[in-house]
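Peer 1: Take this sequence and fold it.
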Amino acid sequence: MPDAATASRFRSDAIRPSVAACWWLAMRPKTLTVSAAPVIVGSAVAWSQTQSLLLLPALIALLAAMLIQIGTNLHNDVADFERGADTPERIGPPRATAMGWLSPVAVRRGAWLAFALAFNFGVYLVWHSGWPIVVIGLASLFAGWAYTGGPRPIAYSPFGELFVWIFFGVVAVGGSYYLQTYSFDAAVFVAASMVGLLAAGVITVNNTRDVDTDARVGKHTLAVAVGRRGAGVVYALEMLVPFALLPLLAVLLERGWSLALPLLVLPPVLLQVARFRRETSGPAFNELLARTAQLQLVFCFLLAAALAV
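Peer 2: Alright, predicted model coming up:
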């Protein structure tokens, strides 16, 4: 945990937002689209195969997914502070707990409230689709806690990107697809991999920004393990492989050139990859992080639109 006197000076230099703004900041709204995108794509793949959409299960899944991410973000806010990862030297956006704007007890309760609400929405989804959703839901809730909780948090290991690919890609897209079709196939796995890779790119930006401070506090992320140059390679793969998978998805779904629609976002993605490799200043990565989440959402919207026609 940061030195109390240093933390106090750090907090006094910042203007305290309103209570509502503090909670909004702690939920990290710029990245919440990462949990919405998988539901959109999973439902779109199902629509492309069945020409039908069960709207209520899709909406409930969207709410549950976003609540799990909110719970994860709140838990991360307080856990990183208590483990000493969020310090006055932090480059990223201010964290509500570290700044003293919200108490650790309040933020932790907020996290558990978000998880509880997600669980309640999950009860309906289980009633709708049966035991596979029990497995998906409980695994997602546990993963949300384990990301920064427990004796060996995932966020403090090199497996953060793999975690995101699994739970914000394979599990979230596959689960959304299952709610519509009661099945899972190769096509949805490919689509899920695209979504998950782009979501992992958000984590890579975050961890590359914090690579120096993370290394000092023993947070052994993938970026710490491979260094800034290696992280640039990882990020390029996360952002570009989804485009390379489009032809395979077209073949599996027996679709033609309509699935080329997401290529419209390729030029800004290439510019983003180049900027990632060029930037050396930590603060610049705050904008890169938000931009990566935006590009993922645009890619997913274009993919969903291509699947819908």
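
Peer 1: Could you give the separation of the helix or strand harbouring Glu82 from the chain centroid?
Peer 2: Applying DSSP states H and E as the criterion places Glu82 in helix 55-83. Averaging C-alpha positions (C-alpha atoms, centre = their mean, to the nearest Å) puts helix 55-83 10 Å from its chain's average.

Peer 1: So which elements touch that helix?
Peer 2: helix 19-26, helix 33-50, helix 104-129, helix 131-146, helix 172-181 (3 or more C-beta pairs under 8 Å, 6 or more residues apart in numbering; DSSP states H and E). For the C-beta atoms, the positions are set from N, CA and C on the backbone; glycine is no exception.

Peer 1: Surely Ile133 touches Leu125?
Peer 2: Yes. At 4.9 Å, Ile133 counts as touching Leu125 under the criterion of C-beta atoms under 8 Å.

Peer 1: Overlap of the contact sets of those two?
Peer 2: Overlap of the contact sets of Ile133 and Leu125 (by C-beta atoms under 8 Å, 6 or more residues apart in numbering) consists of Leu179.

Peer 1: Based on its surroundings, how many neighbours for Ala44?
Peer 2: For Ala44, the count of nearby residues is 25 (other C-beta atoms under 10 Å).

Peer 1: before we move on, back to that, for the helices and strands packed on helix 55-83, which one ends up most surrounded?
Peer 2: Of those, the one with the most neighbours on average (mean count of other C-beta atoms under 10 Å) is helix 172-181, at a mean of 25.

Peer 1: And the average pLDDT for that helix is what?
Peer 2: Helix 172-181 shows a mean pLDDT of 95.

Peer 1: could you give the angle of whatever helix or strand comes next after it to helix 33-50?
Peer 2: Following helix 172-181 in sequence order, the next helix or strand is helix 186-209 (DSSP H and E). Counting by axes from the mean of the first three to the mean of the last three C-alpha atoms, to 10 degrees, helix 186-209 lies at 170 degrees to helix 33-50.

Peer 1: tell me the mean pLDDT over the helix or strand that comes right after helix 186-209?
Peer 2: Per DSSP H and E, the first helix or strand lying C-terminal to helix 186-209 is helix 211-216. The average pLDDT within helix 211-216 is 83.

Peer 1: For helix 211-216, name the packing helices and strands.
Peer 2: Using 3+ C-beta pairs under 8 Å, 6+ apart: helix 211-216 touches helix 222-244.

Peer 1: And the helix it packs on, what's buried?
Peer 2: Buried residues in helix 222-244, counted by 16 or more other C-beta atoms under 10 Å: 222-224, 226, 231-232, 234-239, 242-243.

Peer 1: and these, which two are the farthest apart?
Peer 2: Val224 and Phe243 (28.0 Å; C-beta to C-beta).

Peer 1: what residue ranges in this protein score low on pLDDT?
Peer 2: For the chain, the stretches flagged by pLDDT under 70 are 1-14, 84-92.

Peer 1: Leaving out chain neighbours, which residue sits closest to the residue positioned nearest the centre of it?
Peer 2: Centroid-nearest residue in the chain: Val34, 4.5 Å away (criterion: C-alpha atoms, centre = their mean). Computed as C-beta to C-beta, 6 or more residues apart in numbering, the closest residue to Val34 that is not its neighbour in sequence is Ala199, at 4.8 Å.

Peer 1: One more: Thr31?
Peer 2: Thr31's closest residue in space is Ala293 (C-beta to C-beta, 6+ apart), at 5.2 Å.

Peer 1: who's in contact with that neighbour?
Peer 2: Going by C-beta under 8 Å, 6+ apart, Ala293 touches 30-31, 33-34, 202.

Peer 1: Please apply the same query to Leu141.
Peer 2: 68, 115, 118-119.

Peer 1: same thing with Ala65?
Peer 2: Counting by C-beta under 8 Å, 6+ apart, Ala65 has contacts 35-36, 38-39, 118, 140, 172.
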